[in-house]
Every structure is written in C-alpha cells, then in structure tokens.
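Engineer: Show me how the following folds:
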Amino acid sequence: MTSQKTQSKPVKIAVVGDIHDQWDVEDGMALKHLNVDLVLFVGDFGNESVEVVKTIASLDIPKAAVMGNHDAWYSATEWGRKKCPYDRTKEDWVQKQLDLLGAVQVGYSKLDFPQWDLTVVGGRPFTWGGPEWRFAEICQERYGVSSLDDSADKIVNAVKNATCNNIIFLGHNGPSGLGDRPDDPCGKDWHPIGGDFGDPDLAAAISQTLNMNKTVSLVAFGHMHRTLRHTKKLERKAVFKSPEGTIYLNAANVPRIVQENGVKLRNFSLVFLDGGMVTKVALLWVGKDYQVAAEEIFYNSLV
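Structural biologist: Numbers count the residues shown, from 1 in each chain. So this is what the prediction gives:
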C-alpha cells in the first residue's frame, strides 16, 4: 500500500502532454497566470526540435522533462536517418536537446524538490511504447542499457537515490498494467485493435518502488493520444487510479493548441497534490488574456 505518512505542502503541477512543435512564449505566460508550482513535460517536443526545447529550457518555473520517441526521430532508426535534415556526422540534435535541458531531463535519473518533499523520477528515455523494445540502440549507446530488465533496474536506482519519500514518475509512455482495451490509458488503438501497449520496465520499477514503502502519488505520461485512431465515438481514458492510491495520468491531448472562433486555445493538465496524495486532476484550455476557457475534471477526491 502507498504510505500516507508524508507531510508535504500543497503543490499545483502542470503536466504538458505531447507538444509536437506546438509551443510558444505564450505557453510560458499561461503557466505563470495559472500560478503553477511545477511543470512536467512528457516529451515529444517535435522531431528533434532543438528550438522548442530551447524555449522550454528557458522557462522560469521549476520543471522536469523526459524525452519521447520523436525527440530522437532522425537518429534512432534507419528510416529516420534517411530523412534526417542535418548532417549527423557533424551535428547531434538529440544531444543538443539533452544539453539544453541538463538536469531537468530526468530520464533514468531524478530531480529532488525538497520544498514539497517530492522527487520526480524519469522512466526510459525515447520510448516508443509496448512490450517489444523499439529504439533499443539509442538506449544502449547513450545509457548502457541492454535489456528491459536493465532499464527497470536503472529507474529503480534513481528511486534509491531520491532525497524525498514522495515519488512522482514521469515517462513518455505509461506503464503496462493499465488495461488492454483501445481506450485504456496505454491501450493499442490501431490494427490489430486492442492490447496493452504500456512499458513493462516502468511498471516493474513502480512495483519495486511501492515495495520499498515509498509514496507514489502520481505517474504522468503521454505518447498514446487521447483521440483514438479507429473511432470518433469515444476518447482515451486520461486517468486511472490504482488500488494503492496512485493516480496515473495520460496528458497527451493532441493537438495541444487549437483555433476556436478565431481564438487560440492551449491545453494543460493540472494536478493538485496535498499531503502526498493527488486531490484533483483537470484538463484546462487557456484562451484570450490567459483566462481558462474550459475545464474538464478527470478526478476529484473531494467529490
């Protein structure tokens, strides 16, 4: 069971889903107006989009980020390398992104926020999702990880080095075990439809962390978009609550910026944490003058 001994201050967290090049300076202004304490980025900033990452790295709010599969789009596969828009013998845009983010990038690492008795631990960087390990070569080259078991161990080692007892896991893709229906948080929504497409290494790391009597209040991720490929009649479930009390949030609302009646709307998922437990999760659309144009509540422990 999740420990409830943690006595931490309330914290308002913004989780930014897959960006796919939809980020500008106004997003930073919107986060300031929302008065968030911490921002979590689930990756897929774009196809090795150095300029987007540069803007995010300059954001003057406490933050943590992980890298998605698109963040190594031109480097991790043969077909991607064939379409690469730059000379890979002279430049490395993947490394440029990592250098810009520095310690903010928590893949296979952690970032302590003692002011909230909170440590953010990152899952496997550049994950494609699913039980078969895609993009394995880049993890071998850059992190020395050669199997999913090694990957789980590396995530757990970051937990063991955490300063705080309350852990938030941040991944690009979510863990396996959240359901195998196409509308589940990590469910497969393309042919053949159905199946659990979560990351088994992240699931194993979370399980081991709970066995260490750590509090796991939140697991935030994206990758699997809310709009399903095979139907318009339903959307992907955004939130799953485990028997241990952990809230799993898929924040990938794509496109994250839309135009509605000539007004630009941008979305953020907000998570409210109090005493080491999630009390509310909502999707906000921020519009003109940084006002909240719409709110969709996914979870509220007080109702």
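Engineer: give the contact list for the residue nearest the centre of the chain.
Structural biologist: Geometric centre of the chain, nearest residue: Val42, 2.6 Å, by C-alpha atoms, centre = their mean. For Val42, the contact set (C-beta atoms under 8 Å, 6 or more residues apart in numbering) comprises 15-18, 65-66, 68, 170-172, 220-223, 251-252. For the C-beta atoms, the positions are set from N, CA and C on the backbone; glycine is no exception.
Engineer: How many neighbouring residues does Pro192 have?
Structural biologist: Pro192 has 6 neighbouring residues, counting by other C-beta atoms under 10 Å.
Engineer: circling back to that earlier point, of the contacts of Val42, closest to Ile155?
Structural biologist: Gly171 (9.0 Å; C-beta to C-beta).
Engineer: give the contact list for the closest one.
Structural biologist: Val42, Val66, Gly122, Gly123, Arg124, Thr127, Asp199, Leu202, Val219, Ala220, Phe221.
Engineer: again, 10 Å this time
Structural biologist: 42-43, 66, 68, 106-107, 121-125, 127, 129, 155, 186, 198-199, 201-202, 205-206, 219-223 (C-beta atoms under 10 Å, 6 or more residues apart in numbering).
Engineer: Among these, which are located in helices?
Structural biologist: Judged by DSSP state H, the contacts of Gly171 include Ile155, Asp201, Leu202, Ala205, Ile206 as members of helices.
Engineer: Please produce TSV containing those residues, extended by neighbour count, pLDDT and distance to Ser49.
Structural biologist: Output for the ones in helices among the contacts of Gly171, formatted as TSV (neighbours: other C-beta atoms under 10 Å; pLDDT from 0 to 100; distance: C-beta to C-beta, whole Å):
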residue	neighbour count	pLDDT	distance to Ser49
Ile155	28	98	25
Asp201	26	98	26
Leu202	29	98	24
Ala205	26	98	28
Ile206	29	98	29
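Engineer: Of those, which pair is most distant in space?
Structural biologist: Farthest pair in the ones in helices among the contacts of Gly171, by C-beta to C-beta: Asp201 and Ile206, 9.9 Å.
Engineer: overlap in contacts of the two?
Structural biologist: With C-beta under 10 Å, 6+ apart as the test, Asp201 and Ile206 both reach Gly123, Ala152, Ile155, Val156, Gly171, Pro175.
Engineer: ok, the second one - contacts?
Structural biologist: When you say that, I think you mean Ala152. 123-124, 145, 199-208.
Engineer: rerun that using 8 Å as the cut-off
Structural biologist: Per C-beta under 8 Å, 6+ apart, neighbours of Ala152: Pro200, Asp201, Leu202, Ala204, Ala205, Gln208.
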